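**Q** Any chance you could fold what I've pasted below:
(one chain, ligands or ions: 1)
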Amino acid sequence: MLRMRRAAELGAAPPLLDEVQQRAVDATDPVLLVRGAPGTGKSLVAVEMVAAAVARGVAPEHCLVLSPTRQAAAALRDRVTARLAGTTSEPLSRSHQALGFGLLRQAAALRGDPTPRLLSGPEQDVVLRELLAGYAAGDAPSPPWPVDLREALGTRGFRAELRDLLMRAVEWGLDAPRLRELGEQLDRPAWVAAAQVLADYDGVTALSRPGAYDPAWILGAAAELLQDDPEALARARDTIRFVVVDEAHELTFAAARLLRTLVGPQTQVRLLADPDSTVQGFRGADPRLAGQLASEWGAGEPFVLTHSHRQPAELRAAAEQVSTRIGAVGGAAHRELSTRPGGRVEVALLRAVAQEAQFVAGVLRRAHLLGGVAWSDLAVVVRGRGRTAPLRRALAAAGVPVATPPASVPLRDEPAVRPLLMCLDVAIDLALGSGERAAGDDASVAGDDADRASLRAGAEEEPRAISAELAVDLLTSPLGGADAVTLRRLRRELRRAEIEAGGERNSDELLSAAVVDDPDRLRLLGPEASAVRRVATVVRAGREAYAQPGATAETVLWAMWQASGLAEPWEQRALAGGVSGERADRDLDAVVALFGAAAAYVDRLPAHGVRDFLEHLRSQDVPGDSLVARAPDDEQVALVTPAAAAGREWHTVVVAGVQDGVWPDLRLRGSLLGSEQLVDVLTGRGSTYREAQAAVRHDETRQFLVALTRARERVVVTAVRSEDEQPSVYLDIVDPLDQQADSDDHLELLRPFTDVPRPMTLPAAVADLRRSLTSPETTPSSASVPPATWPG
Ligand SMILES: Nc1ncnc2c1ncn2[C@@H]1O[C@H](COP(=O)(O)OP(=O)(O)OP(=O)(O)O)[C@@H](O)[C@H]1O
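**A** This is a model prediction of the structure:
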């Protein structure tokens, strides 16, 4: 039976809940576990539970909604706020990490300690690299690395694995002695060596970056704070009285530990989980934890949601086929659902990756142009980042607007940032060369600069030249914007002017000099000199800003960016869309991220100079989490991994690149240092090869299930069959082949290739018209393209 309820003080109209949803929302048990397959309304129930608690008299500020990621927390915050509009205070909606961090920050503020901050991924990498370099240089006794690892020690891949191992250890509350002990017990010498790094990493971070927390430390540190400080615990329990944990299947050991400490006898808790949908397994999420916590806190039988609100029958049937392949955690009752009829599942087999991309673009364009589905209601899910770049290019080329991906290169290597940093370097050199000094770079921080400055002072009448390679690099960068032809013309023009003036410098020397020349003098040159004028203007602006008292990395970079005059043209290109628009979008994001990094640096280390910031950025080998947190764009198709797709939904979802060996990817992870095995040992999961493989297979299938269950109406699964690539078994699970049709040994031949329809783009239509116009057989009436297939 469906019931509607509306409390006087609540905002947006409540939805009609189904019977189980309503019971779960109405239940007043202290602790409740709700299980539900994808799309059964868990997140919606989470919001309603908060609304119901508020209606029962719990103050909104005493409610806490927890989500596994920052994005999910932000989305839930919006929904809860809309639902409770009209109340004077708001519930907290946080990621697990943010909750831990908030507790630490509050405690620090009360004690009068400096505000803690999170170490970014790139910073963690720098700390590790410095540590490893220190061992190599003999500054500290080297850990006893096994011989077969020694070759790898200096590589970025090794650091990534080491970081992963340390994070897992910390998340599981393992300290260095315990990690060493485990390594000795289980004959894993790499863990013994890593234990020493763990101890040193901890010490170094505490010393060199006071108040800085490694993200993996946060949850453990917050739990320890609450355990050690009864006042902090009492304060937290007094504030947080009603806790809703959405996507509780993504809880890690560390998050569960914090919850175990935080939740007291008076705290009411709601856990909402789907054990088949864990996608953060690689970060240590364990689908069993939600059930364990619920029973520890004395919850009764779980509520099992029974109606699929998102997926109609066809989609649900495919999802069911997939979920039965996943080992059941806590029973399988939640897999049987009622639903509405309808939905479409299609499987497409293509002959090559390029053809697959073209096919996907066609599906999206048709859905948008002919089906009227908004771009933002369309998504493509791929297993890993490797497949996204070519697909993104192909989609953009076919006129499909695709959301900008998160950073894949360190900030310093972003094409838009690199030339700015080069100009900054040149500007500082020039300023120092002519005796100008920035207030920030006093002798104590920039001693080397001071030396160079005194050497050069007075010796510099002419502007100093830079190398020709650097000049060319700058001129052809997004900042200069010159192409090869313009560059050639510019060289000729410079030579001509030089000969006229009676000089003898060659074009290389002239280019180098021009970049650091007075831009006003370059005005005499023709339009081909616009790139060099811009670069010279930027360098001069940097040099002047650097000489100002109180100059910081932020002020100097800002002056340079202003002088470039690029903000407006890039913005216009970004708005115009297409491949060039996407590039401009990305470049603008990178510049914003650069300013973000500079502002953070200046805030954190006000006494450090501009040059130090440059070094700081240059030593970062790892991309940041994302350039900037972007609001989802209304006009773009999402191209995401399963982890980024979790919790979201679209009208149509294409699951692309479903290849054998790619999805499921059955390689055991963390193989070099065995971080997965560490987690297996700690969870008591099987440690034999077979058991580990089964665990990986289930994790992969969970990711596929999440991808498949994001659509409300239509799913298209695509793969390639060629000499090099075979489709994944998932294709047959989603769309079983008709086994009656042939004898077993030719089964794979049964799935026919899919025809790729002609692309629905203007260039394709024009090409078609041209072909038919120039064909000798064409009569005037046959040279047309049917209007129905025209875009727009
Ligand atoms: N009672 C209901 N009436 C109408 N629509 C509903 C109801 N419950 C859920 N929905 C809709 O079903 C869709 C899925 O809901 P929701 O995202 O809350 O499910 P979920 O179980 O959290 O999904 P997932 O675990 O896959 O993220 C949403 O569009 C939601 O608005």
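**Q** so S619 touches L128, yeah?
**A** No - at 11.7 Å, S619 does not count as touching L128 under the criterion of CB atoms under 8 Å. Quick note: C-beta positions are derived from backbone N, CA and C, even for glycine.
**Q** neighbour count winner among those two?
**A** L128 (22 against 15; other CB atoms under 10 Å).
**Q** Quick check: buried residues in the one helix or strand the more buried one maps to?
**A** For L128, the host element (DSSP states H and E) is helix 121-136. The neighbour-count check on helix 121-136 (16 or more other CB atoms under 10 Å) flags 121-129, 131-132, 135 as buried.
**Q** after that helix, next one along is what?
**A** Following helix 121-136 in sequence, per DSSP H and E, is helix 156-171.
**Q** now that next one and helix 121-136, what's the angle there?
**A** Calculated by axes from the mean of the first three to the mean of the last three CA atoms, to 10 degrees, helix 156-171 forms an angle of 110 degrees with helix 121-136.
**Q** What helices and strands are in contact with helix 156-171?
**A** helix 121-136, helix 189-208, helix 215-228, helix 253-262, helix 675-683 (3 or more CB pairs under 8 Å, 6 or more residues apart in numbering; DSSP states H and E).
**Q** Give me every residue in this protein lying close to the ligand.
**A** 15-18, 21, 36, 38-44, 274, 277, 309-310, 647, 649, 709 (CB under 6 Å from any ligand atom).
**Q** hmm, 5 Å instead?
**A** Within the chain, the positions adjacent to the ligand are 15, 17-18, 36, 38-44, 309-310, 647 by CB under 5 Å from any ligand atom.
**Q** Make TSV from those and add neighbour count, pLDDT and secondary structure to it.
**A** Below are these laid out as TSV (neighbours: other CB atoms under 10 Å; pLDDT from 0 to 100; DSSP: H, G, I helix; E, B strand; the rest coil):
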residue	neighbour count	pLDDT	secondary structure
P15	14	81	coil
L17	20	95	coil
D18	19	94	coil
G36	27	94	coil
P38	25	95	coil
G39	25	95	coil
T40	27	96	coil
G41	23	95	coil
K42	25	96	helix
S43	23	96	helix
L44	18	96	helix
H309	18	95	coil
R310	20	96	coil
G647	22	91	coil
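**Q** For burial, what's the neighbour tally of the closest residue to G36 other than its chain neighbours?
**A** Excluding the flanking residues, the one nearest G36 by CB to CB, 6 or more residues apart in numbering is L305, at 3.3 Å. L305: 25 surrounding residues under other CB under 10 Å.
**Q** Isn't L305 up against P38?
**A** No - using CB under 8 Å, L305 is not in contact with P38, being 10.4 Å away.
**Q** Now do the longest helix belonging to the chain and helix 121-136, the angle between them.
**A** Counting residues, the longest helix in the chain under DSSP state H turns out to be helix 578-604. With the same axes, to 10 degrees applied, the angle from helix 578-604 to helix 121-136 works out at 60 degrees.
**Q** Which other helices and strands does helix 578-604 contact?
**A** helix 385-397, helix 417-433, helix 553-564, helix 567-576, helix 610-618.
**Q** hey, which of those is tucked in deepest?
**A** helix 417-433 (a mean of 23; mean count of other CB atoms under 10 Å).
**Q** per-domain residue ranges of this structure.
**A** Domain assignment for the chain by automatic domain parsing gives 19-114+218-309, 120-208, 344-407+631-750, 411-618, 761-792.
**Q** average pLDDT for stretch 147-165?
**A** Stretch 147-165 carries an average pLDDT of 82.
**Q** go on, stretch 543-562?
**A** 91.
**Q** can you give me the angle the helix holding L128 makes with helix 215-228?
**A** Using the same axes, to 10 degrees: helix 121-136 against helix 215-228 is 90 degrees.
**Q** ranges for the strands of this structure?
**A** 31-35, 63-67, 92-95, 117-118, 212-213, 242-245, 268-273, 303-304, 344-350, 378-381, 638-640, 650-655, 711-720 (DSSP state E).
**Q** How about the contacts made by A75?
**A** 67, 647-648 (CB atoms under 8 Å, 6 or more residues apart in numbering).
**Q** which non-adjacent residue is nearest A348?
**A** T754 (4.0 Å).
**Q** hmm, back to that, any idea which of the helices and strands packed on helix 578-604 scores lowest on pLDDT?
**A** Among these, helix 385-397 carries the lowest mean pLDDT (a mean of 77).
**Q** Surely M560 is in contact with V426?
**A** No - contact criterion CB under 8 Å: M560 and V426 do not qualify, at 10.5 Å.
**Q** Mutual contacts of the two, please.
**A** Common neighbours of M560 and V426 (CB under 8 Å, 6+ apart) are 539, 542.
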